[in-house]
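Q: curious how this folds, go ahead:
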Amino acid sequence: MLPIIFIVPIVQLLILVNAATMEMKHIDMEVVDLDLSPTSRKLINKFMGSPFFDIHKSGFSINQAKVDLLENKTQIILYIPLDFEKRLYKENKGEVQILIDAVNGMTASLANVYSQSVISDFNSELLAKKGTNVLINTRPKSITVENSYWYNPQLNFKFYMVPGILVILVSMIGVFLTAINIVREKEIGTIEQVNVTPIKKYQFIAGKLVPFWIIAMFELGFGLVVGKLLFKLPIEGSIPLLNLFAALYLLVLLGLGLLISTISDSQQQVMFLSFFFFITFILMSGVFTPEESMPKWAQYVNSINPFAYFMRVIRMIILKGSGFMDILKELVSITVFGIIVLSLAIWRYRKVV
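A: The predicted structure follows:
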């Protein structure tokens with residue numbers, strides 16, 4: 001039990017934060033250059049110099065390149081047609097084609113943005129020399145735009161993922177361990193012995209919930225320390241405020257674990273029920289995809305998802321430095337959830353015993 005509680009979450013934090021990223025690098029690219037001109041070579045060198053692309057193959061047949069794309073041997077094709085340089089300088093109009101494997105829409109979209117950025121940068125260099133527009137679908141720039149990203153200036157995806165992974169790890173303790181701990185009493189037959197003792201019901205429930213509440217709070221604090229030391233996580237907001245919200249949030253999760261245990265007769269049933277709630281809540285919490293991208297009906301359903309509230313609050317406090325009034329709505333909602341879930345779990349437990 002101790003390795004599961006203390007070691008496994010830390011290992012998961014170290015692995016998942018580095019693995020669960022929306023950044024794409026080293027995209028396999030195949031080049032079909034029929035022009036073989038100095039200008040086409042400069043464009044290819046632009047892609048070679050980008051950290052997002054790895055040119056692993058060059059050829060002269062676009063049909064063969066399409067076959068490679070179909071057989072998953074490449075992810076993106078850069079096709080430079082014949083007379084590319086000639087048209088570029090004589091007609092002020094050059095055309096290149098990008099073909100992308102779009103089975104995964106998100107990766108295809110990112111690959112398209114990266115390739116457009118490289119081509120746009122290449123076009124800007126040509127504009128600086130010629131003073132005219134030379135590549136298709138691009139226009140001369142008369143205004144220079146410099147972007148400044150608030151709260152995460154370097155767009156470091158790890159800063160976004162560390163709080164999200166922490167929510168998952170803390171929630172695992174709240175739901176799984178609580179539910180398994182109580183149902184284990186049923187399996188080994190000690191629950192009947194406890195029920196005939198003079199111990200009060202609230203004392204028994206507190207004895208089962210409080211230790212895991214303390215462990216989960218410790219996991220949160222230890223995870224923040226690991227995030228600060230290993231991932232340079234900026235902590236802009238109030239740690240006591242974060243702990244206050246986490247304490248109330250854990251009451252919801254502990255109540256849910258208690259409720260699952262009271263309606264289950266074996267650890268196998270607990271695992272099935274826990275996975276049902278856990279996976280649904282996680283995928284709808286916004287840990288990987290923003291809640292705003294969900295359809296409206298899913299956003300309404302998500303209003304009863306405690307994971308979504310904590311996922312939003314922990315990022316607001318850590319990255320934005322949000323204060324008490326900024327999270328007041330979430331604080332009230334999670335308190336109401338805690339009262340409802342704990343009351344239902346205690347009532348159901350009394351019914352069982």
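
Q: CA only for contacts and neighbour counts going forward, please
A: Will do.

Q: now for residue 56: which residues touch it?
A: The contact partners of residue 56, by C-alpha atoms under 8 Å, 6 or more residues apart in numbering, come to 28-30.

Q: and those residues as CSV, adding pLDDT and neighbour count?
A: As requested, those are exported to CSV (pLDDT from 0 to 100; neighbours: other C-alpha atoms under 10 Å):
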residue, pLDDT, neighbour count
28, 91, 17
29, 93, 24
30, 94, 26
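
Q: just those residues now: which is nearest residue 346?
A: Relative to residue 346, the closest of those is residue 28; by C-alpha to C-alpha it sits at 55.8 Å.

Q: beta partners for the closest one?
A: residue 54 (DSSP bridges).

Q: hang on, it packs against residue 53?
A: Yes: with contact defined as C-alpha atoms under 8 Å, residue 28 reaches residue 53; the gap is 6.2 Å.

Q: what helices and strands are in contact with the strand or helix carrying residue 46?
A: Assigned by DSSP states H and E, residue 46 belongs to helix 38-49. Packing contacts for helix 38-49, counted by 3 or more C-alpha pairs under 8 Å, 6 or more residues apart in numbering; DSSP states H and E, involve strand 53-59, helix 84-90, helix 105-130.

Q: okay if I get these as CSV plus mean pLDDT?
A: CSV is the format used below for these (pLDDT from 0 to 100):
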stretch, mean pLDDT
strand 53-59, 90
helix 84-90, 84
helix 105-130, 83
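
Q: okay if I get the ones you listed as a markdown table plus distance to residue 172?
A: Below are the helices and strands packed on helix 38-49 laid out as a markdown table (distance: least, C-alpha to C-alpha, whole Å):
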| stretch | distance to residue 172 |
| --- | --- |
| strand 53-59 | 37 |
| helix 84-90 | 57 |
| helix 105-130 | 28 |
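
Q: quick one: which of the ones you listed is nearest residue 16?
A: For the helices and strands packed on helix 38-49, proximity to residue 16 was assessed by C-alpha to C-alpha; helix 105-130 is nearest, at 18.7 Å.

Q: next SSE downstream of that closest one?
A: Following helix 105-130 in sequence, per DSSP H and E, is helix 157-172.

Q: please save the CA atoms from that following helix in CSV.
A: The C-alpha trace of helix 157-172 is given here as CSV (Å, rounded to 0.1, in the frame of the first residue of the first chain):
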residue,chain,number,x,y,z
PHE,A,157,3.3,23.0,-22.1
LYS,A,158,4.6,21.5,-18.9
PHE,A,159,3.4,24.4,-16.9
TYR,A,160,-0.1,23.6,-18.1
MET,A,161,0.2,19.9,-17.6
VAL,A,162,1.8,19.7,-14.1
PRO,A,163,-1.3,21.1,-12.3
GLY,A,164,-3.6,18.9,-14.4
ILE,A,165,-1.6,15.7,-13.6
LEU,A,166,-1.6,16.7,-9.9
VAL,A,167,-5.4,16.9,-9.9
ILE,A,168,-5.6,13.3,-11.3
LEU,A,169,-3.1,11.9,-8.8
VAL,A,170,-4.8,13.5,-5.8
SER,A,171,-8.2,12.4,-7.1
MET,A,172,-7.0,8.8,-7.4
